[in-house]
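**Student:** I would like the atomic coordinates for the input below:
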Amino acid sequence: MDVRDEKNILDHVIGAVGREILSCYQCYKCSAGCPVAYTMDLLPHRVIRAVLFNQEEKVLSCKTIWVCATCETCTARCPNEIDIAGVMDVLRQRHRQKGMSAPEPKVPVFHSAFLGSIEKTGRVHELSMLRDYSLKSGDWKEKLATGEWKNDVRLGIKMFIRGKLKIFPSACSAKREVREIFNKANEQE
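**Tutor:** Just a heads-up that it's a prediction; the model follows:
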């Protein structure tokens, strides 16, 4: 669906996540349980409130939707069963559809590298994801200039020795199904 066809952000979120969002009574449980709340400029309960008041610019310009780890702690804690993590995902998608620039520019690049890795291999392959992120974000230039790349190499070697980092992606039996999910998602955009 085209972004311009949507009347407002609340209708968009309700269409994607459900009407449960209307039952939010600002109990603060989502924000109190969020493990990354300390990095947010707008706590999760405030994001929901802003959506309820159709404050699209406020919601889409905050860095909260990009630093959300989508761990679903907020969703699990919600007494009204609002899929808050799902709301954050919908807001990230809306942000990208509108072509807005993110307040934390490297986070959408990471998001894109993460999803790209899953789309290509059926699951996350950390080494190729790191390569794509470093190239697209320009992170490699900073690390080369400061010498931080040495720390990354040391850590990579330790992870490889412990079997936590694979040179080649692991086989995924559901690779075709994952690719179909991405094709359907791309068709909807």
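
**Student:** and for the chain, the residue most distant from the center?
**Tutor:** Farthest-out residue of the chain from its mean C-alpha position, per Cα atoms, centre = their mean: Ile161, at 29.5 Å.

**Student:** ok, now how distant is that residue from Leu155?
**Tutor:** Relative to Leu155, Ile161 is positioned 11 Å away (Cβ to Cβ, to the nearest Å). Where you see a C-beta, it was placed from the backbone N, CA and C, and this is true even at glycine.

**Student:** also Ala145?
**Tutor:** Distance from Ala145 to Leu155, by Cβ to Cβ: 19 Å.

**Student:** excluding chain neighbours, what is closest to Thr39?
**Tutor:** Nearest-residue entry for Thr39: Val67, 4.9 Å, with adjacent residues in sequence omitted and distances by Cβ to Cβ, 6 or more residues apart in numbering.

**Student:** can you pull the contacts of that neighbour?
**Tutor:** Counting by Cβ atoms under 8 Å, 6 or more residues apart in numbering, Val67 makes contact with 36, 39-40, 104, 107.

**Student:** the lengthiest helix in the chain: which residues count as buried?
**Tutor:** Of all the segments of type helix in the chain, defined by DSSP state H, the longest one is helix 106-121. By neighbour count with 16 or more other Cβ atoms under 10 Å, helix 106-121 contains the buried residues 107-110, 112-113, 116-121.

**Student:** would JSON lines of the residues you listed with pLDDT be doable?
**Tutor:** Output for the buried residues of helix 106-121, formatted as JSON lines (pLDDT from 0 to 100):
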{"residue": "Val107", "pLDDT": "81"}
{"residue": "Pro108", "pLDDT": "80"}
{"residue": "Val109", "pLDDT": "86"}
{"residue": "Phe110", "pLDDT": "86"}
{"residue": "Ser112", "pLDDT": "85"}
{"residue": "Ala113", "pLDDT": "89"}
{"residue": "Gly116", "pLDDT": "88"}
{"residue": "Ser117", "pLDDT": "89"}
{"residue": "Ile118", "pLDDT": "89"}
{"residue": "Glu119", "pLDDT": "89"}
{"residue": "Lys120", "pLDDT": "89"}
{"residue": "Thr121", "pLDDT": "88"}
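
**Student:** lovely, talk soon.
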